[in-house]
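Asker: one predicted model, sequence on top.
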Amino acid sequence: MPSEKNIIKVKELQDTFSKASAVYFTEYHGLDVENITKLRSEFYKAEIDYKVAKNTLLKLALDGNLNKDVENILHGSTAIAVSYDEPVAPAKVIKSFNKKNDLPKVKGILFEGEFLAGEEFKRLADMPSKDEMLAQLVAMFNSPLQKLVSTISAPFSNVIGVLDSLKQQKSES
């Protein structure tokens, strides 16, 4: 008979998975208290939830989405990094943190409902964020518009320049 505490925890995890755009399953065992605190702080700054969870509870919470690949990663110590808005943000935080530490290691990723192998986090970490992509898109749209405005305004500038020269010539005479 499952305890009330575990039933509540499974419901919380199911709710988390349903709202998440990406969930990174990590191996954290071996990080000392100081480093785990730093890691949690970095995740907090990036608006990412980082939770330690029992593998059996994760399996129960993922019951509808559980496939062979996910089941294979749920062993050992597991913590999940959950992003609700920016799916690549956890990968960027982990990559940055791993420059000075060997852990956490990414075991696997649920990315927009699809399972990816843990090694894929490096590729995701190098992707631009949603905000960076939007800025690039705006810049792409803005460049042709600026060229159009300068092309349209060039003849008017030339006419004004000619009229100004004529004015100066008339005033000198």
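Answerer: Okay, I see it.
Asker: what about residue 87, distance to residue 103?
Answerer: Per Cβ to Cβ, to the nearest Å, residue 87 is found 22 Å from residue 103. C-beta here means a position set from N, CA and C on the backbone, and glycine is covered the same way.
Asker: do the same with residue 165
Answerer: Residue 165 is 73 Å from residue 103, by Cβ to Cβ.
Asker: which one of those two has more residues nearby?
Answerer: Between residue 165 and residue 103, counted using other Cβ atoms under 10 Å, residue 103 has the larger neighbour count: 18 against 10.
Asker: I'd say the more buried one and residue 36 touch.
Answerer: No - with contacts counted by Cβ atoms under 8 Å, residue 103 stays clear of residue 36, the gap being 9.0 Å.
Asker: now the common contact residues for the two.
Answerer: The contact sets of residue 103 and residue 36 overlap at residue 28 (Cβ atoms under 8 Å, 6 or more residues apart in numbering).
Asker: the domain parsing of this protein - what is it?
Answerer: Domains of the chain are assigned by automatic domain parsing as 4-127, 128-173.
Asker: can you map out the strands along the protein?
Answerer: 22-27, 49-52, 79-83, 105-111, 114-117 (DSSP state E).
Asker: quickly run through the sheet partners of the longest one, with directions.
Answerer: Neighbouring strands of strand 105-111 in its sheet, by DSSP bridges, are strand 22-27 (antiparallel), strand 114-117 (antiparallel).
Asker: repeat that for the third one.
Answerer: In the sheet containing strand 79-83, the strands it pairs with under DSSP bridges are strand 22-27 (antiparallel), strand 49-52 (antiparallel).
Asker: distance from the first one to the middle of the chain?
Answerer: When you say that, I think you mean strand 22-27. Strand 22-27 sits 13 Å away from the centroid of its parent chain (Cα atoms, centre = their mean, to the nearest Å).
Asker: what does that strand rub up against?
Answerer: 16-17, 58, 70, 73-74, 76-83, 87-88, 90-91, 94, 103-112, 118, 121.
Asker: list buried residues within those residues.
Answerer: 16-17, 58, 70, 73-74, 77-83, 87-88, 90-91, 94, 103-111, 118, 121 (16 or more other Cβ atoms under 10 Å).
Asker: how near is residue 74 to residue 167?
Answerer: 82 Å.
Asker: quick one: mean pLDDT for stretch 50-59?
Answerer: Averaging pLDDT along stretch 50-59 gives 93.
Asker: check which residues of it are buried.
Answerer: So for stretch 50-59, counting by 16+ other Cβ under 10 Å, buried means 50, 51, 53, 57, 58.
Asker: tell me the phi and psi of the residue lying closest to the last one once chain neighbours are set aside?
Answerer: To tie it back to what came earlier, the one meant is residue 58. Distance criterion Cβ to Cβ, 6 or more residues apart in numbering; nearest residue to residue 58, sequence neighbours excluded, is residue 74 at 5.6 Å. With angles defined as degrees, to the nearest 10, residue 74 sits at phi -90, psi 70.
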